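Student: Fold the following.
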Amino acid sequence: MPIDVLSVAPLPPGLDRQMEETYAYHRYDDVVARGDFEALVPRIRALAANGESTVTADFIAQFPNLEILSVFGVGYDGVDAAAAHRQGVIVTHTPGVLTDDVSDHAIGLMLSVARRTPVADRFVREGKWVDGGFPFTKKVSGSRLGIVGLGRIGTTIARRAEAFSMDIAYTDRAPIDGVSYRFHQTPEELAANVDFLVATTYGGPSTRGLISAKVLSALGPEGYLINVARGTVVDEAALIAALQNGTIAGAALDVFENEPHVPDALKALDNVVLTPHMASATNETRKAMSDLFAENLAAHFAGRPIPAKVPQ
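Tutor: I've put the predicted structure just below:
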């Protein structure tokens, strides 16, 4: 009998086709539109989601024969993994394979906001160069870098920053064994001692608003925030005020509180670089993520070890 899989969020086209060819594959919006959801529920053995999905305990509980919930993405803060585990459902994700791309993008954002690259590009295109040179910008090499959350991505950013002779510090839940970078107990303490503050921590309720007005004030008028974590990690209203008032020098953001809706106030500022949650969006990495996502499901149903389980 074919294995029924329900997708509750969009997947990349190639992966979507692969799922369709491998399983009895159903897309949630299509099923609901046809009125088939209740009849399908007892047959579903797997749920497919992405990193931006919200999958609640109540939703998971509807599926009596659910075995696995596979997330396309490293982050799964919108998924109630604890509820899934209580129901005996395995949760998987796609860590590791996107580390390089996200780290590259973080460094690119840092350089871009410090050197004001988008503004300089417009300066040239609009013919303003003939009237005089572009204002001086901020040097990155040799500056002080603070990383909020020294996991895979944070560590990889730090290694790249070493090539820029940056002085590196971090904050996390506790000091990490074997790490030579300077540890600070809180994001506020870290921000007060760096020029660039990079958020790479996990999302979810425990980190909501972690980069607060107090943290931004500590970062100061010559400091820059870079966020490649989750939009919810930053108090967006406080950030807008800090940028407008000169509390901090600038920000570079790949993630936002209410994606894909970005506040007009952010769009209007020249001291901000904005990208559309694209840090891991290269052809190579999305292929690797798709392969890992598919293998998590295939391994489960074949009785093989699952490569990337979310820990219980």
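Student: how near is the residue nearest to residue 262 when sequence neighbours are not counted to residue 230?
Tutor: Closest residue to residue 262 apart from its sequence neighbours, by Cβ to Cβ, 6 or more residues apart in numbering: residue 256 at 5.2 Å. Quick note: C-beta positions are derived from backbone N, CA and C, even for glycine. Residue 256 is 9 Å from residue 230, where distance means Cβ to Cβ, to the nearest Å.
Student: higher neighbour count, these two?
Tutor: More crowded of residue 256 and residue 230, by other Cβ atoms under 10 Å: residue 230, with 26 against 20.
Student: Tell me which residues touch residue 169, please.
Tutor: 144-147, 181-184, 190, 193-194 (Cβ atoms under 8 Å, 6 or more residues apart in numbering).
Student: Give me the subset of these that lies in helices.
Tutor: residue 190 (DSSP state H).
Student: Next step: the contacts of residue 169 restricted to strands.
Tutor: 144-147, 182-183 (DSSP state E).
Student: Just the buried ones out of the contacts of residue 169, please.
Tutor: 144-147, 181-182, 184, 190, 194 (16 or more other Cβ atoms under 10 Å).
Student: which residue packs closest to residue 195, ignoring adjacent ones?
Tutor: Going by Cβ to Cβ, 6+ apart, residue 195 has residue 143 as its nearest residue, at 4.3 Å.
Student: what number of residues lie near residue 118?
Tutor: The number of residues near residue 118, taken as other Cβ under 10 Å, comes to 15.
Student: One more: residue 5?
Tutor: Neighbours of residue 5 using other Cβ under 10 Å come to 23.
Student: For the buried ones among the contacts of residue 169, give me CSV that also has pLDDT and distance to residue 90.
Tutor: Shown next, in CSV, are these (pLDDT from 0 to 100; distance: Cβ to Cβ, whole Å):
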residue, pLDDT, distance to residue 90
144, 98, 42
145, 98, 37
146, 98, 36
147, 98, 31
181, 98, 34
182, 98, 38
184, 98, 36
190, 98, 36
194, 98, 39
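Student: residues touching residue 73, list them.
Tutor: Applying Cβ under 8 Å, 6+ apart, the residues near residue 73 are 50-52, 93-94, 289.
Student: mind redoing it with 10 Å?
Tutor: Contacts for residue 73 (Cβ atoms under 10 Å, 6 or more residues apart in numbering) come out as 9, 49-53, 79, 93-95, 98, 280, 289, 293.
Student: Identify those among these that sit within helices.
Tutor: Those of those lying in helices (DSSP H): 289, 293.
Student: What subset of the contacts of residue 73 is buried?
Tutor: 9, 49-53, 79, 93-95, 98, 280, 289, 293.
Student: Would you convert the residues you listed into TSV that also reports distance to residue 300 and pLDDT?
Tutor: Listed next are the buried ones among the contacts of residue 73 as TSV, based on distance: Cβ to Cβ, whole Å; pLDDT from 0 to 100:
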residue	distance to residue 300	pLDDT
9	19	95
49	15	97
50	18	94
51	20	88
52	23	88
53	19	91
79	16	95
93	13	96
94	14	96
95	17	93
98	21	94
280	24	94
289	17	96
293	12	98
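Student: any idea which of the residues you listed is the one closest to residue 234?
Tutor: residue 52 (16.3 Å; Cβ to Cβ).
Student: How about the contacts made by the closest one?
Tutor: Residue 52 touches 9-10, 71-73, 75, 77-78, 203, 230-231, 255, 259-260, 277, counting by Cβ under 10 Å, 6+ apart.
Student: Identify, from the buried ones among the contacts of residue 169, the entry nearest to residue 212.
Tutor: residue 190 (12.7 Å).
Student: And for the residue nearest to the spatial centre of the chain, nearest residue in space, chain neighbours not counted?
Tutor: The centre of the chain sits closest to residue 229, judged by Cα atoms, centre = their mean, with a distance of 4.0 Å. Distances taken as Cβ to Cβ, 6+ apart put residue 199 closest to residue 229, at 4.3 Å, once the chain neighbours are dropped.
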